[in-house]
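Novice: 3D, please:
(2 chains)
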Amino acid sequence: MSRFAITIEHLTKAFPAGNSLPSLLLAPFRARGTEVVRDISLEIAPGEVFGLLGPNGAGKTTLVEILATLLLPTRGEVRVCGYDVVRQAMQVRKVVGYCPATAESFYPRLTGWDNLQFFALLHGLPAREARQKITGTLNLVGMDGARAVPFQRLSQGMKQRLALVRALLTDPPVVLLDEPTKSLDPLLQVELGQFLRRDLAGRLGKTIVMVTHSLAEAEAVCHRIAIMNQGRLVALGTPQEIQKRLGGPNLAAAYEKALRTES
Amino acid sequence: MQTMWQAWAFFKRDLLSDLSYKFSFFLQVLNIFLTLASFYFLSKLVGDGILRNYAPFPFLLIGMAVNGYMTTSLYCFAQGIRGNQQAGTLKAVFSTPISPLSFLLYSSLYPMVRAGMDAALYLLGGVLFGLSLANVHLVSMLVIFTLSVVAFGSIGILSATFTLVFKKGDPLLWLFGGLSWLLGGVFYPLEVLPPFLQQAAQLLPITHALDGMRAAVLRGASPAEILPQIEILALFSLASVPLSLLAFVKGVEWTRVSGSLSHL
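Specialist: Next up is the predicted model:
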């Protein structure tokens, strides 16, 4: 058993060039398109908040979706809690809570409660346990007001937080968050950041991988960050280490330098 | 146990969504009765006994009922995929420990129950218009119903695969549904078709489903009497179900390779 919650070795992901019928019939699983993640290796420790930063198209979401077993790697090996994301996808899904980039990932006419119950039951929780977990997690995230409201009537911020509640429903050891604060007001962003670092990682020992575009958030919340550009890992370490290594007055300057050096 | 909770989750989700459109629910029931009334009066134009020795109204009624659950079996799988694509929920669902085949099967539970209820409504509505159910052979009816749902469903699963991979409505359903409507004998007996079309009709499961269902409901035919229809539907299912399930699993795998799971 690895001492890391997540290990990634020489991961490469390429998407096929087209989705046309001839290309599917002639070469259904041959990837000939662009490589969006290129030869990435890293480890993430239990209880660590790990930030993924980089410009649009850098490969951050692709990396998170591979960890969530939604995408298959083209090359390399990825393990979550010791489970291989290709050969043991079902086990991986049991230990991972996933919050996608778009909050519109619920059934619009169902209430927050009914939506959460649906996903809790998909995880195999018996109805009574599901009810307890939903109540507990809604309270934990301060979302009790969303339980009786149809999803389509919730504000963007509420929708975003409901997705976080769903990711935490089964009390998973690993939580994958794709831009979890993007629709939140600044105050809520800070509160959520504190909640992730202090409560989820610090108190409950969860491993958190979060994609973010906010350098300030990454600096405040994450133990370590990885900066990606064009599918490659261009910097890895604590915010302080990266700043020290690349130079510059702050993380923003170091970030800019990392991207410019690479391109 | 986990399987039961997952199945219940899908059933409850679809039931709640359906109930949230209360007026639409009522209109669908009303539509069945209006259709029945239309066919009842239309059948008055046709002489008794010329539709394969069945009275015109019961002949049409069984045609409508079977066509109704065939349509549901064909469309419900693709609609399940399309609905999740549009709601943006596919990624969230596939990040839970549910297998693609379970997802497919459970997505069809509620529509199938609704289709069965609609078929029952057709029969009960028919009784209001004078249909006699005194001869119904319940076992034969259930055997034909189950086998035909499985046979139509296998085409529906192929269609769902098409929707998953190519995202748009697929020509398979259009072709299969259209041919079944034209050649299956829903509204008229096959004998009115040219001989080559009658032969082509034998390749369609609805032809045999209708033959078997009319015999079971209107003549009280036993399973032994409708054995040819049962055999054909069973053979069709045996050949098409594994093929369609394999295609669907490969389709899901393709979305994990191409990253197209959430594409519209």
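
Novice: B:V217 should be in a helix, yeah?
Specialist: Yes: assigned with DSSP: H, G, I helix; E, B strand; the rest coil, B:V217 falls within a helix.

Novice: what residues are up against it?
Specialist: With contact set as CB atoms under 8 Å, 6 or more residues apart in numbering or on different chains, B:V217 has these partners: B:P58, B:I62, B:L123, B:L133, B:N135, B:V136, B:H137, B:M141. All C-beta spots, glycine's among them, are computed from the backbone N, C-alpha and C.

Novice: for the third one, which residues are in contact?
Specialist: Read it as B:L123. Applying CB under 8 Å, 6+ apart, we find B:L123 in contact with B:L61, B:A65, B:L131, B:L133, B:V217.

Novice: now for the contacts of B:V217, which pair is the farthest apart?
Specialist: B:P58 and B:H137 (14.6 Å; CB to CB).

Novice: wouldn't A:T170 be in contact with A:H123 here?
Specialist: Yes: applying CB atoms under 8 Å, one finds A:T170 in contact with A:H123, separated by 4.8 Å.

Novice: give the residues shared as contacts by the two.
Specialist: Shared contacts of A:T170 and A:H123, counting by CB under 8 Å, 6+ apart, come down to A:K94.

Novice: follow-up on the earlier one: ok, of the contacts of B:L123, which one's closest to chain A?
Specialist: Nearest to chain A among those, counting by CB to the nearest CB, is B:A65 at 29.0 Å.

Novice: nearest residue to A:M158 in space, please, no chain neighbours.
Specialist: A:A146 (5.4 Å; CB to CB, 6 or more residues apart in numbering or on different chains).

Novice: hang on, I meant B:A234
Specialist: B:L147 is the one closest to B:A234 (CB to CB, 6+ apart), at 5.8 Å.

Novice: check contacts around the one you found.
Specialist: Neighbouring residues of B:L147 by CB under 8 Å, 6+ apart: B:A209, B:I230, B:L233, B:A234, B:S237.

Novice: mind checking which of these are buried?
Specialist: B:A209, B:I230, B:L233, B:S237 (16 or more other CB atoms under 10 Å in any protein chain shown).

Novice: torsion angles phi and psi at the residue nearest to A:I44 when sequence neighbours are not counted?
Specialist: Nearest residue to A:I44 in three dimensions, chain neighbours excluded: A:I6, at 4.1 Å (CB to CB, 6+ apart). For A:I6, the backbone dihedrals (degrees, to the nearest 10) come out as phi -140, psi 130.

Novice: A:I6: neighbour count?
Specialist: 24 (other CB atoms under 10 Å in any protein chain shown).

Novice: try the one 5 residues further on
Specialist: Using other CB under 10 Å, A:L11 has 25 other residues around it.

Novice: so which bits of the helix or strand containing B:S180 are buried?
Specialist: In this structure, B:S180 is located in helix B:171-183 according to DSSP states H and E. By 16+ other CB under 10 Å, the buried positions in helix B:171-183 come out as B:L172, B:L173, B:F176, B:G177, B:L179, B:S180, B:L183.

Novice: out of those residues, which comes closest to chain A?
Specialist: B:L172 (12.5 Å).

Novice: am I right that the closest one is in contact with B:T161?
Specialist: No: counting by CB under 8 Å, B:L172 sits too far from B:T161 to count as a contact (9.2 Å).

Novice: so which bits of the stretch 1-150 of chain B are right by chain A?
Specialist: For the stretch 1-150 of chain B, the residues in contact with chain A (CB under 8 Å from any CB of the partner chain) are B:1-2, B:5-6, B:8-10, B:12-13, B:16-17, B:20-21, B:87-89, B:91-99.

Novice: re the thing from before, any common contacting residues for B:L172 and B:T161?
Specialist: In contact with both B:L172 and B:T161: no residue, using CB under 8 Å, 6+ apart.

Novice: tell me who's in contact with residue 197.
Specialist: By default, I'm working from chain A. Per CB under 8 Å, 6+ apart, neighbours of A:R197: A:V49, A:A220, A:V221, A:C222.

Novice: not quite, go with chain B.
Specialist: So B:L197 contacts B:L183 (CB under 8 Å, 6+ apart).

Novice: in three-state terms, label it for me.
Specialist: helix.

Novice: cool, A:N115 as well?
Specialist: helix.

Novice: so what's it up against?
Specialist: Counting by CB under 8 Å, 6+ apart, the residues that A:N115 touches are A:F106, A:Y107, A:F151, A:L162, A:R166.

Novice: now do the fourth one against A:A68, distance only.
Specialist: A:L162 is 18 Å from A:A68, where distance means CB to CB, to the nearest Å.

Novice: try the first one
Specialist: Using CB to CB, one obtains 17 Å as the distance from A:F106 to A:A68.

Novice: and what of the last one?
Specialist: As defined by CB to CB, A:R166 lies at a distance of 13 Å from A:A68.

Novice: just A:E104 next, same as before
Specialist: A:E104 is 17 Å from A:A68, by CB to CB.

Novice: what helix or strand is B:V186 located in?
Specialist: Counting by DSSP H and E, B:V186 is part of no helix or strand.

Novice: oh sorry, the question was meant for B:S132
Specialist: Going by DSSP H and E, B:S132 is not in any helix or strand.

Novice: tell me the confidence at it?
Specialist: Looking at B:S132, its pLDDT is 88.

Novice: phi and psi next, for it.
Specialist: Dihedral angles (degrees, to the nearest 10) for B:S132: phi -100, psi 130.

Novice: and for A:G51?
Specialist: According to degrees, to the nearest 10, A:G51 has phi -100, psi 140.

Novice: now swap in A:L187 and tell me
Specialist: phi -60, psi -50.

Novice: any idea how far it lies from A:S214?
Specialist: Taken as CB to CB, the span from A:L187 to A:S214 is 14 Å.

Novice: what does A:I134 give?
Specialist: For A:I134, the distance to A:S214 - CB to CB - is 29 Å.

Novice: and A:V49, how many residues sit next to it?
Specialist: A:V49 has 24 nearby residues by other CB under 10 Å.

Novice: now swap in B:L164 and tell me
Specialist: B:L164: 25 neighbours (other CB under 10 Å).

Novice: for it, give me its contacts.
Specialist: B:I81, B:F248, B:G251, B:V252, B:T255.

Novice: let me see the confidence value for residue 198.
Specialist: Using chain A. With respect to pLDDT, A:R198 has a value of 93.

Novice: that's the other chain; I wanted chain B
Specialist: Looking at B:Q198, its pLDDT reads 93.

Novice: which ones are touching it?
Specialist: So B:Q198 contacts B:L190, B:E191 (CB under 8 Å, 6+ apart).

Novice: again, only using 7 Å
Specialist: Neighbouring residues of B:Q198 by CB atoms under 7 Å, 6 or more residues apart in numbering or on different chains: B:L190.

Novice: repeat that for A:L246.
Specialist: A:A235, A:A254, A:K257, A:A258.

Novice: how far away is the residue nearest to B:F129 when sequence neighbours are not counted from B:G126?
Specialist: Once flanking residues are discounted, B:F129 sits nearest to B:Y40: 4.6 Å by CB to CB, 6+ apart. B:Y40 is 8 Å from B:G126, where distance means CB to CB.

Novice: low-confidence stretches in chain A?
Specialist: A:1-2, A:18-32, A:262-263 (pLDDT under 70).

Novice: contact residues of it facing chain B?
Specialist: A:15-16, A:19, A:24, A:28-29, A:31, A:68-72, A:90, A:93-94, A:98, A:100, A:102, A:104-110, A:114, A:118-119, A:121-127 (CB under 7 Å from any CB of the partner chain).

Novice: give me the buried subset of the residues you listed.
Specialist: Neighbour-count burial within these applies to A:15-16, A:19, A:24, A:31, A:68-72, A:93-94, A:98, A:100, A:102, A:104-110, A:114, A:118-119, A:121-125; the criterion is 16+ other CB under 10 Å.

Novice: so which of those residues are in helices?
Specialist: A:L24, A:R93, A:K94, A:D114, A:F118, A:F119, A:L121, A:L122 (DSSP state H).

Novice: quick check, nearest of these to A:K182?
Specialist: A:F119 (21.0 Å).
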